[in-house]
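Enquirer: when you get a sec, could you give me coordinates for this:
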Amino acid sequence: MVANSVELPVPRGVANAATLTVTAKEPVADGVVSLTLAHPDGSRLPDWTPGSHIDLSLPDGTTRQYSLCGDRWDAHTYRIAVLREPAGRGGSAYVHDQLSPGDRVGVGGPRNHFPLVPSRTYLFIAGGIGITPLLPMVHQAELLGTGWQLLYGGRTRSSMAFREELTATHGERVRLVPQDEFGLLDLAARLGTPRTGTKVYCCGPAPLLAAVEAACAAWPPYTLRVERFTADAQSAPVRSVPFEVELRRTGRTTTVTPDVSVLEAVRRAGADVLSSCEQGTCGTCLTPVLEGEPEHRDSVLADHERSANDCMLPCVSRSRGDRLVLDL
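Expert: The predicted model follows:
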């Protein structure tokens, strides 16, 4: 197989951007393939932690984010899994239909905005391809000897990626719930009574995340951590008039009009801000806020991070007042 010879795009401004080779591609469920990536010369790849993702830039020019779901102790390969999305923007179709072992892709990162924090016990809840960021967390909890359980739902058993790997390794700690066999996940039965000492990690489709958020509403603060593959639905911004953004390091001020993102405005003013998805889901453009109150419109920051008002994602978030001062 001859490596893809086109000049590869790399994610704009992303640290650790590199060109990697697809060394393996295999189906792991109905509509899901896994890719193994390695450096062309076999050199070591940047380390990562459970919950991390990378930016994958394909030869057709698209860039998408995918969770790392392989062995974090393997310093020379990354593994991701890609669900074919018929209603998607074309990236998954390219991976499934055209990408082959030997092809090269641009990779940025890894970055982690969904870290596994210390806890006495964990409950992991996955829906469909949402298993990917949770898989390394399961392995890490097992390595540390920490109590954990995994509740894993999917449309059908054959659509659930890595199900055999999980059940063969971890047995009864893994509860598979194919919807066509058992219906929807019984969250109330699995969560039980609110208690301290347990962290709940969830990733999957929006209806599952909403149901888990509702089920955990009475639990202690910061019990639940979620990761979204698509941005939250947003109402109109609180302001429909321009506001000013000061770049403290350069002393420049720029006006952000309703039709322009803060990210675009500060770039026009000369700020070099890293970005990737520009939809508020990857966290690449996270920027410190020195003064003013952001209107947070992202799908990354937790509630306590938003209430601190000391950072924002300028790709989607805006200002509640007339002026913001950013550490740019």
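Enquirer: drop to CA atoms for contacts and neighbour counts, all remaining ones
Expert: Noted.
Enquirer: hang on, isn't residue 102 packed against residue 21?
Expert: Yes - using CA atoms under 8 Å, residue 102 is in contact with residue 21, at 6.0 Å.
Enquirer: neighbour count winner among these two?
Expert: Taking other CA atoms under 10 Å, residue 102 and residue 21 do not tie; residue 21 has more neighbours (24 against 18).
Enquirer: partners of the helix or strand where the more buried one lies, with directions?
Expert: Residue 21 belongs to strand 18-29 when assigned by DSSP states H and E. Strand 18-29 has its sheet partners listed here by DSSP bridges as strand 32-38 (antiparallel), strand 104-111 (antiparallel).
Enquirer: mind listing what residue 327 touches?
Expert: By CA atoms under 8 Å, 6 or more residues apart in numbering, residue 327 lies in contact with 247, 248, 249, 287, 288, 289, 290.
Enquirer: before we move on, back to that, any idea which of the strands paired with strand 18-29 gets closest to residue 85?
Expert: The closest of the strands paired with strand 18-29 to residue 85 is strand 32-38. By CA to CA, the value is 9.6 Å.
Enquirer: now do the buried residues in that closest one.
Expert: By neighbour count on 16 or more other CA atoms under 10 Å, the buried set for strand 32-38 is 32, 33, 34, 35, 36, 37, 38.
Enquirer: stretch 69-77 now?
Expert: So for stretch 69-77, counting by 16+ other CA under 10 Å, buried means 69, 70, 71, 72, 76, 77.
Enquirer: repeat that for stretch 82-93.
Expert: Neighbour-count burial for stretch 82-93, counted by 16+ other CA under 10 Å, picks out 82, 83, 84, 91, 92, 93.
Enquirer: now swap in stretch 243-256 and tell me
Expert: 243, 244, 245, 246, 247, 248, 253, 254, 255, 256.
Enquirer: circling back: which of the buried residues of stretch 69-77 sit farthest apart?
Expert: The largest separation in these, counting by CA to CA, is between 69 and 76 at 14.0 Å.
Enquirer: how about the strands in the stretch 101-250 of the chain?
Expert: 104-111, 121-127, 147-154, 174-178, 198-203, 224-227, 243-247 (DSSP state E, counting those that start in this stretch).
Enquirer: would you mind giving the ones you listed as TSV with distance to residue 323 added?
Expert: As requested, these are exported to TSV (distance: least, CA to CA, whole Å):
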stretch	distance to residue 323
strand 104-111	30
strand 121-127	40
strand 147-154	45
strand 174-178	49
strand 198-203	35
strand 224-227	30
strand 243-247	5
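Enquirer: and which of the buried residues of stretch 243-256 is nearest residue 107?
Expert: Closest to residue 107, out of all of the buried residues of stretch 243-256 and judged by CA to CA, is residue 247, at 29.5 Å.
Enquirer: on that earlier part again, and the strand holding residue 21, how far out from the chain middle?
Expert: Computed by CA atoms, centre = their mean, to the nearest Å, the chain-centroid distance of strand 18-29 equals 19 Å.
Enquirer: so, low pLDDT: which residues of the stretch 1-150 of the chain?
Expert: The stretch 1-150 of the chain contains residues with pLDDT under 70 at 1-16, 88-89.
Enquirer: now for the spatially closest residue to residue 261 that is not a sequence neighbour, how many residues are close by?
Expert: Leaving aside its sequence neighbours, residue 261 sits nearest to residue 315 (CA to CA, 6 or more residues apart in numbering; 6.0 Å). By the criterion of other CA under 10 Å, residue 315 has 26 neighbours.
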